[in-house]
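*Asks:* Just need the structure, nothing else, for what follows:
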Amino acid sequence: MLWDEIEIHPDVCNGRPVLRGTRIAVQSVLQMLAAGDSLEDVLEAFPALGRDQVLACMDLAARLMANQYSLQKVE
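*Replies:* Numbering: from 1, shown residues only. This is a model prediction of the structure:
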């Protein structure tokens, strides 16, 4: 299961979700993908990661976005 690749520990990366056994934040992977980097680019930047771990990051983002949100302009 892809979720098995992600863990949260209060003392690692300020409690942000990271990929299991690393200090690589899910957010870092998603930011690279959002910037237009390919899966291969991410794997090259983070040699400790495997394809399934990158897919787990995308799966987490998709599941979080499945919740209902409302956007408000911040002034």
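*Asks:* how far is stretch 27-44 from where the chain is centred?
*Replies:* Taking CA atoms, centre = their mean, to the nearest Å, the mean C-alpha location of stretch 27-44 is offset from the chain mean by 10 Å.
*Asks:* buried stuff in it?
*Replies:* Neighbour counts using 16 or more other CB atoms under 10 Å place 28, 29, 30, 32, 33, 42, 43 of stretch 27-44 among the buried residues. Backbone N, C-alpha and C define where each C-beta goes, glycine included.
*Asks:* ok, the residue positioned nearest the centre of the chain to residue 74 distance?
*Replies:* Centrality entry for the chain: nearest residue to the mean C-alpha point is residue 26, 2.3 Å, by CA atoms, centre = their mean. Residue 26 is 24 Å from residue 74, where distance means CB to CB, to the nearest Å.
*Asks:* same deal with residue 28?
*Replies:* 24 Å.
*Asks:* What of residue 17?
*Replies:* Taken as CB to CB, the span from residue 17 to residue 74 is 24 Å.
*Asks:* rewinding a little: from the buried residues of stretch 27-44, which ones fall inside strands?
*Replies:* When those are checked against strands (DSSP state E), there are no matches.
*Asks:* Could you dump the residues you listed into JSON lines and include distance to residue 57 and pLDDT?
*Replies:* Formatted as JSON lines, the buried residues of stretch 27-44 follow (distance: CB to CB, whole Å; pLDDT from 0 to 100):
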{"residue": "28", "distance to residue 57": "9", "pLDDT": "97"}
{"residue": "29", "distance to residue 57": "4", "pLDDT": "97"}
{"residue": "30", "distance to residue 57": "6", "pLDDT": "97"}
{"residue": "32", "distance to residue 57": "10", "pLDDT": "98"}
{"residue": "33", "distance to residue 57": "8", "pLDDT": "97"}
{"residue": "42", "distance to residue 57": "9", "pLDDT": "98"}
{"residue": "43", "distance to residue 57": "12", "pLDDT": "97"}
